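[1] Okay, here's the prediction I keep looking at, along with the sequence it came from:
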Amino acid sequence: MYADELKQKVSQLKGIGRETSKALAGIDINNIADLLKHIPRAYENRKDRVSLSEYRKGAVNTIAEITDHDYIGFGSKKTLKVHLKDETGTATLLCFGRNFLSQKLIPGKRFYLYAVFEYKYQELQTSSFEVEELSGNPVNFNKIIPIYPLSGKLNQGVLRRAISEAIDELARYTQDQLPEYLKQKYNFINRNRALRNIHFPESLTTLKEAERLLRYEELFYLQLTVGRKTKQTRNPPRPQRKHQYNLQQKLITILPFSLTPDQIKVLDEIKTDMESQSPMARLLQGDVGSGKTLVAFIAALGIIESGGQAAFMAPTELLARQHAENAAKLLEPLGVRLAFLSGNVKNSQRKPLLAALKNGEIDLIIGTHALFTGNVEFKNLQFVIVDEQHKFGVLQRLALLDKGNTPDLLLMTATPIPRTLTLTLFGDMDVSIIRTMPVGRKPIVTHLAAMDNETKVYQAVRAEIERGHQAYFVYPRIEESDTSGNLKNAEGMYEYLQKKIFPDFRVGLIHSKLPEEEKIRTMDNFSSGSTNILVSTSVVEVGVDIPNATCMVIEHAEHFGLSGLHQLRGRVGRGPAQSYAFLVYTKELSDIGKMRLKTMMNFNDGFSISEEDLKLRGPGELAGSRQSGFLNLTYADLIRDIRILEDARHDTFDILEKDPGFLRQENRVIREVFDKCAPFKGAVENEESIF
Ligand code: ADP
Ligand code: MG
């Protein structure tokens, strides 16, 4: 059991004053539990001796005797130089700004010394060193020393003392929660010892052991949470469902194109799920523009024709509206009764809408997260579709499911997620993939252009507009600001492009700060073709579908991540005409920045791009995990610790099979692990209602 002691404020620890607790609060450390989770970013091994003669190995860690003092420089600028020796050689310490050390480092005295030396002017020198007077029980020597992430006024000494005290005081309140047989199976050390060792390792071996336990434990609780939810989604079985497919057939025949083989395959998989006794939980992955939304609409028809209701949730109002408009075109002619709901729908409209939904007079409702707010009730919700799921937390998804009676769930994403991550975040969801694009799509031609070549880009865009096509211009910032330096911004460039570059065309502007009605009007104008150019921020990143737009200009492209660039580029190439992306970059580009832009030029599909992304960034920073604060784990890393994750997953699912209530009452431990973990935050608070 984790006692409330762990929730004590850090200021209650000895030696933590106002200033320090303020500095700690600045990095989100408020209570003892937070403090214990502030784990070292590295360790210094001051246990094993490294003598002066071995200075090439790295840091010297020795016992030195002071032999002499002298000074370099003159007058007020003079600097103390301390000469010392150990049994293997001699060296000097340059005490810049620390001449007072002459009082402490007295010739004849012996000290512990830790420093990286350089061979210079025929001697070993350093200006950065740590010393401590020789004693039987040194504070910072003869051990492995933690190096903590710092910020503001914090320093290593303060943190070490505070954490050491926190462990002494409070570690006794923490208890192992892992079943005994698992501790034996993996030969884990006990939790208190692990906690102590992650901060102050007895040895490198115990540090490894501590990491092994704490990583496993964290992933164990993660999987327990996921597993419990999964079980609830899948069980209990519902009566077998049988659907009607006349509407589906009708829609498919009137479409001006035929479905791709992958779309047909996925529809088949969905059909099997929907007619089965356990609710569907399926993740549909497919690159932008691969036709996922259409698949979802077609799937919904089966349910609607059989008298059920469907809900389609999109991450932004813009996108939800666009889906609603598409649905109106495709589905209303088939007699489907549609509704749209977002936070901006006025009360006078909302009331009758909610009543109709409750009475079953609406078949398909499309909207934002407003769909799962408290007063939304369905008569017979059987199908929940969530677009671009990575933009939502787990909790929000669950809340929508609770509005129906074992509804089927389809999540859609254009962000390729590795299989294990899928397992982790979505339990045992099934995965469908659309790999092939609709026929007739031409790969987008991508050009890179340096910033002072942008007039060429503008000319190319002009030619496209004169052919009747449209263009996006995307900027990293909305407006000029103190922090944006010389970055071009959407507002400024909107004026500039309209007045100076394209005075004969109509230019629109969209970004998140504009009022909702204005956004809608701007999108309508662009979508109907009455504006030729849309200047924007990355708000158009997700899902916007205007097939006549053939140019995507991204200025300061180096300010966008790879997946963002890929999503943005996916806004064009959606119709039969050849499309172009122009990535305009500033000359001072980092190596990684260069690689990113090259990747964009060389690859067109999201799966390859996300693989390249992984290579460039290294594991642990996977799109959609760390980067977006999606899963903020303390000890574990989903990529590095993939084997541990698999073990934990296996073990927890095993346990839940035998004991579905396992640790349910003790959710504090889970709360402690996930306090900082966005998608689980609320889920744990409200555990009773959700699990
Ligand atoms: P996604 O949701 O995967 O980004 P959409 O379903 O929005 O993709 O489809 C993108 C565009 O492609 C839409 O205009 C849609 O009508 C069209 N489309 C979908 N499926 C096909 C197909 N099989 N053949 C041709 N065009 C298609
Ligand atoms: Mg989409």
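    Great, that's in hand. Numbering: from 1, shown residues only. Ligands and ions are numbered 1, 2, ... in the order given.
[2] Could you show which parts of the stretch 301-450 of the chain are in contact with ligand 1?
    residue 438 (C-beta under 6 Å from any ligand atom). C-beta: built from backbone N, CA, C; applies to glycine.
[3] Ok, the chain next?
    257, 259-260, 263, 286, 288-294, 438, 545, 547, 574.
[4] Give me the subset of the residues you listed lying in strands.
    Among the residues of the chain next to ligand 1, the members falling in strands (DSSP state E) are residue 286.
[5] Buried subset of the residues of the chain next to ligand 1, written for PyMOL?
    Selecting the buried subset of those in PyMOL, with 16 or more other C-beta atoms under 10 Å as the burial test, is done by:
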select buried, resi 259+260+263+286+288+289+290+291+292+293+294+438+545+547+574
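[6] and the residues of the chain next to ligand 1 near ligand 2, which?
    residue 293 (C-beta under 5 Å from the ion).
[7] burial count for residue 41?
    Using other C-beta atoms under 10 Å, the number of residues around residue 41 comes to 10.
[8] thought it was touching residue 147?
    Yes: look at residue 41 against residue 147 with C-beta atoms under 8 Å: they come within range, at 6.0 Å.
[9] after the strand or helix carrying residue 43, next one along is what?
    Assigned by DSSP states H and E, residue 43 falls within strand 42-45. With elements assigned by DSSP H and E, the helix or strand that comes after strand 42-45 is strand 60-72.
[10] Of the residues of the chain next to ligand 1, which belong to helices?
    Using DSSP state H, the members of these that fall in helices are 263, 292-294.
[11] Among those, pick out the one closest to residue 491, please.
    Nearest to residue 491 among those is residue 293, at 31.0 Å by C-beta to C-beta.
[12] Just give the closest residue to that closest one, not the sequence neighbours.
    residue 323 (6.4 Å; C-beta to C-beta, 6 or more residues apart in numbering).
[13] ok, the one you found - how many residues close by?
    Counted with other C-beta under 10 Å, residues neighbouring residue 323 total 23.
[14] going forward can the numbers begin at 12, since that is how I track them
    I'll keep to 12 as the first residue from here, and by that count the last item is residue 334.
[15] so it touches residue 326, yeah?
    No: the pair residue 334 / residue 326 is not scored as a contact, 10.9 Å apart, by C-beta under 8 Å.
[16] Now do the shared contacts for those two.
    Counting by C-beta atoms under 8 Å, 6 or more residues apart in numbering, the contacts common to residue 334 and residue 326 are residue 398.
[17] for the chain, which helix is longest?
    helix 215-245.
[18] list the buried ones in the helix or strand just after it?
    Tracing the chain C-terminally past helix 215-245 and defining elements by DSSP H and E, one meets helix 257-265 next. For helix 257-265, burial by neighbour count (16+ other C-beta under 10 Å) applies to 258-259, 262-263.
[19] For helix 257-265, what is the distance to the chain centroid?
    Distance of helix 257-265 from the chain centroid (C-alpha atoms, centre = their mean, to the nearest Å) equals 39 Å.
[20] ok, now stretch 596-608?
    23 Å.
[21] gap between the residue lying farthest from the centre of the chain and residue 483?
    Here the centre of the chain is the reference, and by C-alpha atoms, centre = their mean the most remote residue is residue 119, at 56.1 Å. Relative to residue 483, residue 119 is positioned 75 Å away (C-beta to C-beta, to the nearest Å).
[22] what's the answer for residue 45, then?
    The value you get for residue 45 to residue 483, if C-beta to C-beta is used, is 43 Å.
[23] Compare these two and say which is more crowded by neighbours.
    residue 483 (25 against 21).
[24] List the backbone torsions phi and psi for the more buried one.
    phi -100, psi 140 (degrees, to the nearest 10).
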